[in-house]
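# Mind looking at a prediction? Sequence and model below.
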Amino acid sequence: MNLVSIRIITANTESLVKFYEQITGITAIQYTPDFAELKTSTTTLAIGSTRTLQFFGGESVAQAAQNRSAIIEFLVDDVDQEFDRLKNVLSPYIVQEPTTMPWGNKSMLFRDPDGNLVNFFAPITKESVEKFATKQE
């Protein structure tokens with residue numbers, strides 16, 4: 001088994017696609033106005049509009065901007081550099097400025113425009129670096 005994609009359901013696809021393109025530097029593949037994907041070497045972040053829920057059984061299946069339990073995580077080379085690059089864009093969304101976590105990663109947390117938590121992190125201890133050595137692009 002292999003995790004290949006995480007999908008965010010949103011009421012504003014265009015805004016969320018632009019946000020993730022800006023923070024990741026990845027150009028989304030926009031298949032339709034209601035569905036786009038940002039592909040990395042290890043997984044895909046899909047963004048679908050609430051209109052796509054009709055294919056899965058209707059709007060009761062998922063609700064846009066209601067996540068309070070999942071964190072979308074991106075492995076980056078340098079958290080401080082990403083923070084400096086994005087701090088003006090992210091200032092209303094910052095939850096945690098770059099912080100060293102007890103498990104050996106430096107992390108910054110922010111919310112996307114729908115309120116989903118996003119973590120940019122980089123391993124900084126020897127153990128953490130070794131753990132993620134095969135996962136970096």
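Noted; the coordinates are in hand. Model, not experiment: these values are computed from the prediction.

# give me the number of residues near residue 69?
By the criterion of other Cβ atoms under 10 Å, residue 69 has 6 neighbours. C-beta coordinates here come from the backbone N, C-alpha and C atoms, glycine included.

# Secondary structure class of it, three-state.
With DSSP: H, G, I helix; E, B strand; the rest coil as the basis, residue 69 sits in coil.

# quick one, phi/psi of it?
In terms of degrees, to the nearest 10, the main-chain angles of residue 69 are phi -130, psi -20.

# Tell me the spacing between the nearest residue to residue 35 once chain neighbours are set aside and residue 21.
Distances taken as Cβ to Cβ, 6 or more residues apart in numbering place residue 48 nearest to residue 35, at 5.0 Å, with adjacent residues excluded. Residue 48 is 16 Å from residue 21, where distance means Cβ to Cβ, to the nearest Å.

# what residue ranges in the chain are flagged as low confidence?
Residues of the chain meeting the criterion pLDDT under 70: 55-56, 58-60, 134-137.

# got a list of what the closest residue in space to residue 65 that isn't next to it in sequence touches?
Among residues not flanking residue 65 along the chain, residue 114 sits closest, at 4.1 Å (Cβ to Cβ, 6+ apart). Counting by Cβ atoms under 8 Å, 6 or more residues apart in numbering, residue 114 makes contact with 8, 10-12, 16, 64-65, 67.

# so residue 114, which of the three states?
coil.
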